[in-house]
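Visitor: All I have is the shape, not the residue letters:
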């Protein structure tokens, strides 16, 4: 089954404590991206990656890092989380004719 | 600047009627548009897409119309069913050497039985 998986699904953390949200896809897609979703703001793109070792900033990259060392994985890293990064995060991968989203990671930064 | 938005935040329709969800975009350079459906607690689900060299594209019970003159995109759902109740997003992809995607804020569709 074609899918995008994210872990963890839910996370509560404290300000400044580094965290990583993993994302993996099994469709051999080259293009992957991360979004955050906030009430009234829709989905905003954080980072995207066109292929292994190729990443670029989206609309809201501040406070986030990504890496793409292999095609299937695209982790999102928050080096020093802050409360304004409390949000619902989605990873996505894109293939011909469609973009597949993961189930989401709900993050609360205290 | 680049912006994708929706005319109506909510839409209520009777079961069996047709639904029309609208979207405006501002970047005439955008070349690829997508409609997504998001149900509560789930990630967005791809519905249908259209490229800028097309005016209309049909899927199963859904049709997307693109009017480049007025930068308008619409999603038509035929014979709306209770299972269609969700938030619908339009998205605009701008090919700037990558595939930067901008989403609209979303329209919530309520289907009345």
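Guide: Sure thing, it's come through. All values derive from a computational prediction rather than experimental measurement.

Visitor: Pull the number of nearby residues for residue A:58.
Guide: Neighbourhood size, residue A:58 [other CB atoms under 10 Å in any protein chain shown]: 20. All C-beta atoms are positioned from the backbone trio N, CA, C, and that covers glycine.

Visitor: Let me fix that, I meant to ask about residue A:32.
Guide: Using other CB under 10 Å, residue A:32 has 27 other residues around it.

Visitor: do you know how far it is from residue A:20?
Guide: Applying CB to CB, to the nearest Å, the value for residue A:32 to residue A:20 is 15 Å.

Visitor: which residues touch the one residue sitting closest to the centre of chain A?
Guide: Nearest to the mean C-alpha position of chain A, by CA atoms, centre = their mean, lies residue A:34 at 3.4 Å. Neighbour list for residue A:34: A:23, A:45-48, A:58, A:64, A:66, A:74, A:76, A:89-92 [criterion: CB atoms under 8 Å, 6 or more residues apart in numbering or on different chains].

Visitor: ok, which of these also contact chain B?
Guide: A:45, A:48, A:58, A:90, A:92 (CB under 8 Å from any CB of the partner chain).

Visitor: so what's residue A:20 bridging to?
Guide: residue A:77 (DSSP bridges).

Visitor: ok, residue B:33 touching residue B:73?
Guide: Yes. With contact defined as CB atoms under 8 Å, residue B:33 counts as touching residue B:73 (5.4 Å).

Visitor: Against residue B:29, how distant is the closest residue to chain B within chain A?
Guide: Residue nearest to chain B within chain A: residue A:101 (3.4 Å; CB to the nearest CB). Applying CB to CB, the value for residue A:101 to residue B:29 is 25 Å.

Visitor: The two: which is more packed in?
Guide: Neighbours per residue (other CB under 10 Å) separate residue A:101 from residue B:29, with residue A:101 holding more: 22 against 10.

Visitor: In this structure residue B:112 contacts residue B:14, no?
Guide: Yes. The criterion here is CB under 8 Å, and residue B:112 meets it with residue B:14 at 5.3 Å.

Visitor: could you say what helices and strands the helix or strand harbouring residue B:91 packs with?
Guide: In the assignment (DSSP states H and E), residue B:91 maps to strand B:86-94. On a contact count with 3 or more CB pairs under 8 Å, 6 or more residues apart in numbering or on different chains; DSSP states H and E, strand B:86-94 meets strand A:42-51, strand B:4-5, strand B:19-25, strand B:32-38, strand B:72-77, strand B:100-103, strand B:107-112.

Visitor: which stretch in the ones you listed is the model least sure about?
Guide: Lowest mean pLDDT within the helices and strands packed on strand B:86-94: strand B:4-5, a mean of 50.

Visitor: is the next helix or strand after it up against chain A anywhere?
Guide: Where DSSP H and E defines the elements, the next helix or strand beyond strand B:4-5 is strand B:10-14. No. Strand B:10-14 is not in contact with chain A by CB under 8 Å from any CB; minimum separation 12.8 Å.

Visitor: Strand B:10-14 pairs with which strands, parallel or anti?
Guide: With DSSP bridges as the test, strand B:10-14 is paired with strand B:107-112 (parallel).
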